[in-house]
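Asks: take a look and give me a structure for this.
(chains A and B)
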Amino acid sequence: MEDQWSVADRVLTSRLLVGTGKFRSHAVMREALLSSGAEVVTVALRRVDLDRAGDGDVLDFVPPGMHLLPNTSGAVNADEAVRLARLGRAGTGTDLVKLEVTPDPRTLAPDPIETLRAAERLVAEGFVVLPYCSADPVLCRHLEEAGCATVMPLGAWIGSNRGLRTRDAIEVIVEQAHVPVVVDAGLGVPSDAAEAMEIGASAVLVNTAIAVAADPVLMARAFALATQAGRMGHLAGRGAVLEQAEASSPLTGFLS
Amino acid sequence: MSQPPGRFAQHLASVAPPPPLDLDAALARPSLDALPTLLSAEALPRLEELAQRAREVTLQRFGRAVRLFAPLYVSNACLSSCTYCGFSKGLDVARRTLTVEQVVTEAKTLVERGFRHLLLVSGEHRLEVSAGYLVECVEALRPFVPSISVETQTWSDDTYARLVAAGLEGVVHYQETYDRQRYAETHLAGWKRDYDRRLSSTERAAEAGVRRLGIGALLGLSADWRADVLAVARHAVWLQREYWRTEVTVSLPRIKSSASGFQPAVPVSDAEYVQALCALRLAAPEAGIVLSTREPAALRDGLARIAVTSMSAGSSTEPGGYLTPGQAQEQFAVSDERTPAEVAAMLEAAGYEPVWKDAFPLHA
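Replies: Purely as a prediction, here's the structure:
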């Protein structure tokens, strides 16, 4: 049985989503995207230059067949995010949008209030909204109720490569969610992605860890395999965590 | 009448000098307090180590990407007298202020060359480069330039708010030197003579909603360039903390010869300059670092791999200099004369993405 998941009506097999920022070149980015096996790629609308389409714009390097997920990075409030999303839909033709509202350029922490406001408006306008958000179970409830197609809580500060620092909160979010939970931001090494998948995330989104690796193409592949391994580990069902050792062949086994 | 000290000036006056640190400790845990040690002459022999650390921090925070922008000089008319500047009032140089139409024409040329981030630069002449003129320029450029910043005289709060409403993204005000005495010796007359007005303008621009702030010091203007680097770093970190919605960039241009004939009392060597930018990167890791074409190509190429996150390219420092050069005095001589495409190719060859567009229109 193929292990698929979906975002709105898009049925997906790969559970690794990738970003397009911070790469040394568009050509390396393209190779890394291909190597990742990802089916969804997010692109910052502020970096897209439709006047340069066909002449070296970032979109020219996104392999055909991948779902484009425009993001509103750079928006500092709901108004800007909504306007940027509309520009993105008009320019790229997709109704998918990764909603990012980050008024603080220092931490790039998502603004929960403005994100929720923007999500409500974008859903009403027919967008398929994937909001980047803090790892806050109540906020994720609100975003789900607002009609978002996923929630995308952060694993750690964006770009920090610090790993799954929000694990306890993500476990609660996964347990309660009725929409896919995509862990976004902060995953630094493939084992971080595996950990997120093991605790039941539907998918992970990775950008910096791949883009700034010495070999981004190899790192993209490593994340792809780790994401698959973590997902399999989740499906397989882990054994109980015990306080003390327990023999794998119990001493009283002969009685049964 | 001069202005009272602003909030940052008060903060700066209240900061105690950091305790002395040894170099190993400063390199292990870089911070504002460690900055004097990182900038010291004793640290210079360990410049490679400093550069390696700075490179790591830059890559992690900003990735393998350098933003490109172009200065668009709109006027060299000036009512301020500053001893080091080629636009200084009283200098017998050819003056020119572009019409709004000429500004649009120059901007279109820069857009054709690839630029989407433009910095409008002028001398300080509130009649020739008035608030209304700048608002008109921003409104005229807005339809085809995603990111517009200004580097002009300082303005009142109302004017910053008008410029933001017109679509302005960034404001650049270099303090030149944070040393009050040296500031007074080099800014002899005019609007710019008021140290506190100049220093507080950046915070007032932030309060008016400007989202990108550029600050800096002109290295070589004060004999103690290290003190200026420390003050700039403190300023950047303070602005980021106080105006948390605002992006801050820092520039440390080295003084160059100009029509003023000014000679720096203490030249900053290339190695010291690299040290300054590395130390700044480590002490203010979230601030963008801007490098202009004042510096020669080889140095720019090296610094792009260590600490710099934004570069100008193919610049002219003369009003109208892109299309109709030779009619007005330039502000300073450009050292890196490569075309924008050549600078972009250099970045690509070095393993960096030249980022032409990193903004979206702030108005529908």
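
Asks: can you list the residues of chain A near chain B?
Replies: A:21-26, A:45-49, A:52, A:74, A:76, A:80, A:83-84, A:87, A:103-106, A:159-161, A:208, A:211-212 (Cβ under 8 Å from any Cβ of the partner chain). Glycine gets a C-beta too; all of them are placed from N, C-alpha and C.

Asks: in ChimeraX, how would I select just the buried ones from the residues you listed?
Replies: Provided next is the ChimeraX selection string for whichever of these are buried by 16 or more other Cβ atoms under 10 Å in any protein chain shown:
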select /A:21,22,23,24,25,26,45,46,47,48,49,52,74,76,80,83,84,87,103,105,106,159,160,161,208,211,212
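
Asks: narrow the residues of chain A next to chain B to those in strands?
Replies: In strands, judged by DSSP state E, none of the residues of chain A next to chain B are found.

Asks: which ones among the residues of chain A next to chain B map onto helices?
Replies: A:26, A:80, A:83-84, A:87, A:208, A:211 (DSSP state H).

Asks: got the contact list for residue 176?
Replies: By default, I'm working from chain A. Contact partners of A:Q176, counting by Cβ atoms under 8 Å, 6 or more residues apart in numbering or on different chains, are A:137, A:140-141.

Asks: ah, I was thinking of chain B
Replies: B:82, B:183, B:186-187, B:217-218, B:221.

Asks: B:A333: which of those residues is nearest?
Replies: Closest to B:A333 out of the contacts of B:E176 is B:L218 (15.1 Å), distances taken as Cβ to Cβ.

Asks: how near is the closest one to chain A?
Replies: 26 Å (Cβ to the nearest Cβ, to the nearest Å).

Asks: and the helices in chain B?
Replies: B:7-14, B:23-28, B:35-38, B:47-62, B:100-112, B:131-141, B:157-166, B:180-186, B:195-207, B:225-242, B:270-283, B:297-304, B:340-349.

Asks: redo the ones you listed as a markdown table? Include mean neighbour count and distance to B:Q331.
Replies: Output for those, formatted as a markdown table (neighbours: other Cβ atoms under 10 Å in any protein chain shown; distance: least, Cβ to Cβ, whole Å):
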| stretch | mean neighbour count | distance to B:Q331 |
| --- | --- | --- |
| helix B:7-14 | 15 | 26 |
| helix B:23-28 | 16 | 36 |
| helix B:35-38 | 23 | 29 |
| helix B:47-62 | 18 | 28 |
| helix B:100-112 | 17 | 15 |
| helix B:131-141 | 20 | 18 |
| helix B:157-166 | 18 | 22 |
| helix B:180-186 | 16 | 16 |
| helix B:195-207 | 22 | 18 |
| helix B:225-242 | 21 | 20 |
| helix B:270-283 | 23 | 20 |
| helix B:297-304 | 18 | 18 |
| helix B:340-349 | 18 | 19 |
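
Asks: quick one: closest of those helices to A:R165.
Replies: Across these, A:R165 has its closest neighbour in helix B:47-62 (15.9 Å, Cβ to Cβ).

Asks: point me to the residue of chain B nearest chain A.
Replies: Taking Cβ to the nearest Cβ as the measure, chain B has B:G63 as its residue closest to chain A, at 2.5 Å.

Asks: if we can go back for a sec, and the helices of chain B as a markdown table, adding distance to A:S6?
Replies: Below are the helices of chain B laid out as a markdown table (distance: least, Cβ to Cβ, whole Å):
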| stretch | distance to A:S6 |
| --- | --- |
| helix B:7-14 | 52 |
| helix B:23-28 | 48 |
| helix B:35-38 | 52 |
| helix B:47-62 | 34 |
| helix B:100-112 | 41 |
| helix B:131-141 | 44 |
| helix B:157-166 | 42 |
| helix B:180-186 | 63 |
| helix B:195-207 | 44 |
| helix B:225-242 | 41 |
| helix B:270-283 | 44 |
| helix B:297-304 | 43 |
| helix B:340-349 | 38 |
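
Asks: how about these, which one is nearest A:Q4?
Replies: helix B:47-62 (34.7 Å).

Asks: report pLDDT for B:S257.
Replies: We have a pLDDT of 68 for B:S257.

Asks: same check, this time on the one 5 residues further on
Replies: At B:F262, the pLDDT value in this model is 83.

Asks: how close does it sit to B:R96?
Replies: Noted for B:F262: a distance of 22 Å to B:R96, by Cβ to Cβ, to the nearest Å.

Asks: equivalent analysis for B:D270, please.
Replies: B:D270 is 33 Å from B:R96, by Cβ to Cβ.

Asks: what's the neighbour count on B:K192?
Replies: Neighbour count for B:K192, taken as other Cβ atoms under 10 Å in any protein chain shown: 25.

Asks: excluding chain neighbours, give the residue nearest to it in space.
Replies: B:S80 (4.0 Å; Cβ to Cβ, 6 or more residues apart in numbering or on different chains).

Asks: what of A:S6?
Replies: A:L12 (6.2 Å).

Asks: could you do B:R197 as well?
Replies: Nearest residue to B:R197 in three dimensions, chain neighbours excluded: B:Q3, at 4.2 Å (Cβ to Cβ, 6+ apart).

Asks: wait, the one you found touches B:R193, no?
Replies: No: assessed by Cβ atoms under 8 Å, B:Q3 is found out of contact with B:R193, at 11.2 Å.

Asks: A:A240 in helix, strand or coil?
Replies: coil (DSSP: H, G, I helix; E, B strand; the rest coil).

Asks: hey, what's the nearest residue to A:G88 once chain neighbours are set aside bridged with?
Replies: Excluding the flanking residues, the one nearest A:G88 by Cβ to Cβ, 6+ apart is A:P70, at 3.8 Å. Beta-bridge partners for A:P70, by DSSP bridges, are A:V43.
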